[in-house]
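> I'll drop the sequence and a predicted model, then ask my questions.
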Amino acid sequence: MSTIIFLNGTSSSGKTTLLKTLQKKLCEPYLDMGIDKFIWMLPSRYLNRPLWDEVLGTALQSGPVGLTLFSGMHHAIAAAAQRGNNILADHVFVEKAWVAECASLFAEMNAYLIGVTCPLEVLEQREADRKDRTLGQARLQFDIIHKFVSYDLEVDTSILTVDECVEKVIDRLETPPTAFKRLR
C-alpha cells in the first residue's frame, strides 16, 4: 500500500526542507508532488504579479486558475498513489474547499496530514533572510493555515531540528493515519 504525507504550514515554516530530508531518510522512494511543483508548471507569465494575484490568487485566497490547479494537484496525488507511488506533498491549506476535497479523496487512503508550525516572529525572520519570498506572506497565512484542519502529527520547526521533525514523522508512520477520516 502506498503512503501519502502532506506537510501543511505557512510560507517559510520549513515544509520544503522537511520534504527533502524525508525523501533522503525514508527507505522507499517518495515522489515530491508539492504545491510549488504544480505552480512552476504554469507558463512564466502567471508567475509574476499582478497576474499571479489576479488569476492564481493571493496568500489567503485562490483565484480561478489556482482553484483548478490545486484541485488537479489533489487528484494527481490520489491517482499516483493509487498506482502504487509513495507521495510527499507540501501544501498551504488556506482554502476550506481544498481541505474538504482532500478529506474526500484521501480519507480511505494511507494519507497522513502533518502540521508544520513555528511562531510568527520566527517565520518573519526566515522570510526576511530568504531572498526568494514575498515579505508578509507568512503573516497573512498565519491565522488561517491551520484553521480548517486537524493533524496526525504537528512539528514545531523552531523547537525541533529538521532531523528531529523527520524522525517524529517517520515514527508516526508506524500507526494508521486518522486526520483525513476525521476531516471527512
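Good, I have the coordinates.
> mind listing what the residue nearest in space to the middle of the chain touches?
The centroid of the chain falls nearest to H91 when counting by CA atoms, centre = their mean (1.9 Å). If you count contacts by CB atoms under 8 Å, 6 or more residues apart in numbering, H91 has them with 6-8, 15, 34-35, 98. Where C-beta positions appear, they are placed from N, C-alpha and C, glycine not excepted.
> pLDDT-wise, what's the bottom of these?
In terms of pLDDT, the lowest of those is I35, showing 90.
> below-threshold pLDDT in this structure: ranges please.
By pLDDT under 70, the low-scoring segments of the chain are 49-60, 131-133.
> which residue ranges of it form helices?
Using DSSP state H, the helices of the chain run over 15-25, 35-39, 51, 64-82, 96-106, 120-129, 137-142, 162-172, 179-183.
> about what we covered before: can you say which of the contacts of H91 are buried?
Buried members of those, scored by 16 or more other CB atoms under 10 Å, are 6-8, 15, 34-35, 98.
> and those residues as TSV, adding distance to V155?
Below are the buried ones among the contacts of H91 laid out as TSV (distance: CB to CB, whole Å):
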residue	distance to V155
F6	13
L7	9
N8	11
K15	10
G34	16
I35	18
W98	21
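> looking at the residues you listed, spot the one nearest Q61.
W98 (11.1 Å; CB to CB).
> can you tell me how far that closest one is from D143?
As judged by CB to CB, to the nearest Å, W98 and D143 stand 17 Å apart.
> ok so, going back, among the buried ones among the contacts of H91, which pair sits farthest apart?
Using CB to CB, these span at most 15.2 Å, a distance reached by K15 and W98.
> list just the nearest of the contacts of H91 to M73.
Using CB to CB, I35 comes nearest to M73 of those, at 6.8 Å.
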